[in-house]
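Peer 1: Mind looking at a prediction? Sequence and model below.
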Amino acid sequence: MSQNTDDPDSTLHVLAVDDERPALDELVYLLGGQPGVGTIHRASEATAALRLLRGHRIDAVFLDIDMPGLTGMELADILGGFADPPAIVFVTAHDDHAVAAFDLGAVDYLLKPLRTARLAEAVRRIAAARVKQPTAQPPTDVIPVELAGVTTLVNRADVAWVEADGDYARLHTATASHLVRIPLSALETRWADAGFLRVHRSYLIALHLVTGLRTVGSGTFVCLGGNHSSAIELPVSRRQVRELKQRLIHAPRQNWTQR
């Protein structure tokens, strides 16, 4: 176990888990340089990590994925069942587990070799989550997006609409679009309680951004966005028109029109 000399109760008590000794040593060293981190426990495999978790206060676990015995994913799944689970940050050399990691509720996903700035951002995320009141709304869902070897996070709150693209989905925000390896049907289920509605086999929309419905012949289009120059119109399937209207009527503070 490592420990910073200044370790007030407000600092984070963390656990670093990696089966490779050099990687574990580096992770512990870099965590020790973070001002928000106090006690640092270390483990080289999942069983030892569980023993530490059951015997010590641990606020966050920085966790490798590929390990003998229980993998990091399997350990994170177990921790999710704790009454007061620690925050999870995956630290891995592989970028192909990001979607599964965030499905498990991970706070962040860091790629090796570690960069101090990204580690500091992960620590800030954990600290910010800890100071929230228990009655506060849960953090917005995020989707990891891979581009040129860099993982960035797109907040669900920034997504206006989602477009099906085969087995992929394209997230559209006010400033960009992002192709992710998630089927539209999965996002439809995942975001159903967050104000998103599947209006067409190819489109999922954020209801709070709807500004109008337009009928052209026998077809219906939903309008998203602000002024006419920036608004987006998407087709609504016939069987979804009724549900869309009902959702808009009962949604709070909607400002939409029908033309």
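Peer 2: Structure received.

Peer 1: Figure out how far the top helix by length along the chain is from the centre of its chain.
Peer 2: Longest helix of the chain, by residue count under DSSP state H: helix 116-130. Remark: helix 116-130 is offset 14 Å from the chain centroid, using C-alpha atoms, centre = their mean, to the nearest Å.

Peer 1: Stretch 156-168 now?
Peer 2: In this view, stretch 156-168 has its centroid 14 Å away from the chain centroid, taken as C-alpha atoms, centre = their mean.

Peer 1: Buried residues in that stretch, which are they?
Peer 2: Judged by neighbour count (16 or more other C-beta atoms under 10 Å), stretch 156-168 contains these buried residues: 156, 158-164. Where you see a C-beta, it was placed from the backbone N, CA and C, and this is true even at glycine.

Peer 1: What of stretch 185-197?
Peer 2: Here stretch 185-197 shows 187-188, 191, 196-197 as buried, counting by 16+ other C-beta under 10 Å.

Peer 1: now stretch 30-42
Peer 2: By neighbour count on 16+ other C-beta under 10 Å, the buried set for stretch 30-42 is 30-31, 34, 36-42.

Peer 1: Going along the chain, name the strands of the stretch 1-150 of the chain.
Peer 2: Residue ranges of the strands in the stretch 1-150 of the chain, as given by DSSP state E, counting those that start in this stretch, are 2-3, 12-17, 37-43, 60-63, 87-92, 108-111, 142-147, 150-155.

Peer 1: Any regions of the stretch 151-259 of the chain where pLDDT drops low?
Peer 2: 226-230, 250-259 (pLDDT under 70).

Peer 1: Could you rerun that using 50?
Peer 2: 227-229, 253-254 (pLDDT under 50).
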